[in-house]
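# From the sequence below, what's the structure:
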Amino acid sequence: MTTVAFRDGFLAADTAYVSASSMLVGFGPKIERAPTGDLLAVTGFAPTAFAIRDWWLGDRERPQPDYERIGSLIVFRRDGEIEVWCSGAKQLEAKGPFYTYGSGQDVALGLWRWAPRPRTP
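Take a look at the predicted model:
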């Protein structure tokens, strides 16, 4: 039930965590900056998503463990490349001016396409 939206170096995501039955169980961060400067976002089943993130930040030479539930890590590289890692394998590689992912991606894509560009102070 996560929505991730990226445009012009800005990354946004909701903070809600829900159970398998879609009941709200809490709030927490889903995005962070990697030591490389790349931006990371997690989606799907949190234990799986955070395990993929830990693998990506650590030793990627070792294979990822098998996962029972779907989770994803989205990597927004500093050079503009976008990678989606889903439950053990890279599923997508893209590049573009804006990108959305998740259950609310259609709304986010429309907002990113037509909204004014974000400004920094």
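# make it CA atoms for all contacts and neighbour counts henceforth
OK.
# any idea how far Glu61 is from Gly44?
For Gly44, the distance to Glu61 equals 24 Å [C-alpha to C-alpha, to the nearest Å].
# So for these two, which residue has more residues nearby?
Gly44 (22 against 8; other C-alpha atoms under 10 Å).
# how many neighbours does the spatially closest residue to the more buried one that is not a sequence neighbour have?
Distance criterion C-alpha to C-alpha, 6 or more residues apart in numbering; nearest residue to Gly44, sequence neighbours excluded, is Gly71 at 4.2 Å. For Gly71, the neighbour count with other C-alpha under 10 Å is 22.
# residues in contact with Gly71?
42-49, 52, 86-87 (C-alpha atoms under 8 Å, 6 or more residues apart in numbering).
# In TSV: these, plus pLDDT, secondary structure and distance to Ala12.
Shown next, in TSV, are the contacts of Gly71 (pLDDT from 0 to 100; DSSP: H, G, I helix; E, B strand; the rest coil; distance: C-alpha to C-alpha, whole Å):
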residue	pLDDT	secondary structure	distance to Ala12
Val42	90	strand	11
Thr43	87	strand	12
Gly44	83	strand	16
Phe45	82	coil	18
Ala46	82	helix	17
Pro47	82	helix	20
Thr48	82	helix	20
Ala49	84	helix	17
Ile52	86	helix	20
Cys86	82	strand	19
Ser87	69	coil	22
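# Buried among the residues you listed? Need that as a selection in PyMOL.
Only the buried entries of the contacts of Gly71 go into this PyMOL selection, using 16 or more other C-alpha atoms under 10 Å:
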select buried, resi 42+43+44+45+46+48+49+52+86+87
